[in-house]
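J.: fold the following, please.
(one chain, ligands or ions: 2)
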Amino acid sequence: MPILGCIADDFTGATDLAAMLVAHGMRTVQVIGVPDGPPGSNMPEADAVVVALKSRTVPAPQAVAESLAACEALLAAGARQIFFKYCSTFDSTAEGNIGPVADALLRRLQSGFAIACPAFPANNRSIFQGHLFVGGVLLNESGMENHPLTPMRDANLVRVLARQTEGGVGLVPFNTVEQGEGAIRRAFTAMRDAGRRYAITDAVTEAHLHAIGAACAEHALVTGGSGIAMGLPANFRAMGLLPDREDADELPEARGAMAVVAGSCSRATLGQIGLARDHVPVLELDALETPDAAALVAQARAWMDGKLSEERPVVIAASAPPDKVAALQQKLGRDAAGMLVEHALADIAAELVARGVGQLVVAGGETSGAVVQKLGVKSLRIGPQIDPGVPWTYAEPGNLHLALKSGNFGARDFFLKAFQ
Ligand SMILES: Nc1ncnc2c1ncn2[C@@H]1O[C@H](COP(=O)(O)OP(=O)(O)O)[C@@H](O)[C@H]1O
Ligand SMILES: O=C(O)[C@@H](O)C(=O)COP(=O)(O)O
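T.: Ligands and ions are numbered 1, 2, ... in the order given. Sure, this is the predicted structure:
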């Protein structure tokens, strides 16, 4: 019976969160979508279950409906607290979906207040005076302003969230967070009494996240990035609900050929492809020149002949810099451009697996969603992390090791080190 029930708005975000919970001693399983059957049935045995949705960029009513169905299933399975995981760069469109989903979950849980905290220091996301920084720069100067689906052009999270909800949004500032759990709790109470629904909570260090996590022990709903989840397992341990565990991240041995499929156009992924070019075979598909999914798949099929190996990966990428992405979007429309590339990469991933790939890295959240759905994966067991936020996982059904890499995550040599 899961004690913590999590709803993630994309698949890479879900593995990121699951890895964080595993690293802090919770046995965690990620399920792909809401399990079939009546609410609560077919849930895996685990301390925490993460339901991975692909709801970040769908219309808000659909994101709300899917998130509520996930919440219902997790509550029916026994979850005592619900965690809504979104991106550490607060990825959302002008219409949502962070605000509308959080509003609906609060209503369902008969609660009127939650924190919103995407900080993730291990990946250089910090929040100061309500402003989200990526490394040393504001969110809107970090490259995220050019994201193909969710361009982030305002770093002030109070303002961004306020645009997505009718509930009031306040700020628990750095000075309060620095004072620790008690001060944070008092700030939450004052904010709730003042009629605010959300508290954007500053956080710069992991000590801040532990203190904030402790202050959320009684909250029905916690919302944020995976960073804030690091403080939650201790609450369950203190309640006597979570034993000490040492084997939370064991996976079967990996085998088969190695491959990377990339659809993320982030600066980090483009850099990782650049480095891989000097070491392993890399195919860069040009969706602008060939805006046809079947033709792109045919190019990849022809290219991969004789190249697959158990010694080193091959990389197949559709990723492109902002000007090329913008040109394809102008030609086809934003959503159609994204879908075309996602469909092509999902088919290519399926072909790779059919030809014996047993260890597959997928770069990009939406891309991972498309690939995992195409492969018919139902759940992922979470293994050790390659880099912060990106664990190896074991897909069931199928004898496949998968790493779903957030576009923005991973060191420059990620596509090589993942297989070492
Ligand atoms: N060359 C391209 N032109 C336009 N869109 C692209 C191109 N390559 C990838 N995309 C799309 O960009 C989106 C990237 O999103 P995602 O996979 O979530 O990456 P990230 O993790 O960086 O956010 C996907 O919808 C993908 O299909
Ligand atoms: O919180 C994060 O940054 C990630 O877990 C995440 O949500 C990844 O999203 P993508 O960048 O779209 O892969």
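J.: show the backbone phi and psi for the residue of the stretch 251-400 of the chain at minimum distance from ligand 1.
T.: For the stretch 251-400 of the chain and ligand 1, the shortest gap (C-beta to the nearest ligand atom) falls at Gly364, measuring 2.4 Å. All C-beta spots, glycine's among them, are computed from the backbone N, C-alpha and C. Per-residue torsions, Gly364: phi 120, psi 140 (degrees, to the nearest 10).
J.: so it sits against Leu270, correct?
T.: No: contact between Gly364 and Leu270 fails when scored by C-beta atoms under 8 Å: they sit 11.5 Å apart.
J.: between those two, which contacts overlap?
T.: In the contact map built from C-beta atoms under 8 Å, 6 or more residues apart in numbering, the residues linked to both Gly364 and Leu270 are Ser319.
J.: ok, the two, which is more surrounded?
T.: For Gly364 versus Leu270, neighbours defined as other C-beta atoms under 10 Å are more numerous around Gly364 (31 against 18).
J.: for the more buried one, give me its contacts.
T.: Contacts for Gly364 were tallied using C-beta under 8 Å, 6+ apart; they are Thr12, Ala262, Gly263, Ser264, Cys265, Ser266, Thr269, Ser319, Lys405, Ser406, Gly407.
J.: helix, strand or coil for the closest residue to the last one other than its chain neighbours?
T.: Taking C-beta to C-beta, 6 or more residues apart in numbering as the measure, Gly407 lies nearest to Ser264, with 3.1 Å between them; neighbours along the chain are not counted. At Ser264 the chain is in coil, as set by DSSP: H, G, I helix; E, B strand; the rest coil.
J.: all helices for the stretch 151-300 of the chain, in order.
T.: For the stretch 151-300 of the chain, the helices defined by DSSP state H, counting those that start in this stretch occupy 157-162, 174-178, 181-193, 206-215, 232-238, 267-277, 293-304.
J.: out of those, which is closest to Val134?
T.: Among those, helix 267-277 comes nearest to Val134, with 9.9 Å by C-beta to C-beta.
J.: is ligand 2 within reach of that closest one?
T.: No: on the criterion C-beta under 6 Å from any ligand atom, helix 267-277 is out of touch with ligand 2, staying 9.0 Å away.
J.: list the buried ones in that helix?
T.: Buried residues in helix 267-277, counted by 16 or more other C-beta atoms under 10 Å: Arg267, Ala268, Thr269, Leu270, Gln272, Ile273, Leu275, Ala276.
J.: tell me which of these is nearest to Glu206?
T.: For the buried residues of helix 267-277, the minimum distance to Glu206 (C-beta to C-beta) is 21.3 Å, reached by Ala268.
J.: report pLDDT for the closest one.
T.: In the prediction, the pLDDT value recorded for Ala268 is 95.
J.: what is the burial count for Ile98?
T.: The number of residues packed around Ile98, counting by other C-beta under 10 Å, is 28.
J.: enumerate every residue touching it.
T.: Asp9, Tyr86, Phe90, Ser92, Ala116, Leu161, Gln164, Thr223.
J.: alright, that wraps it up for me.
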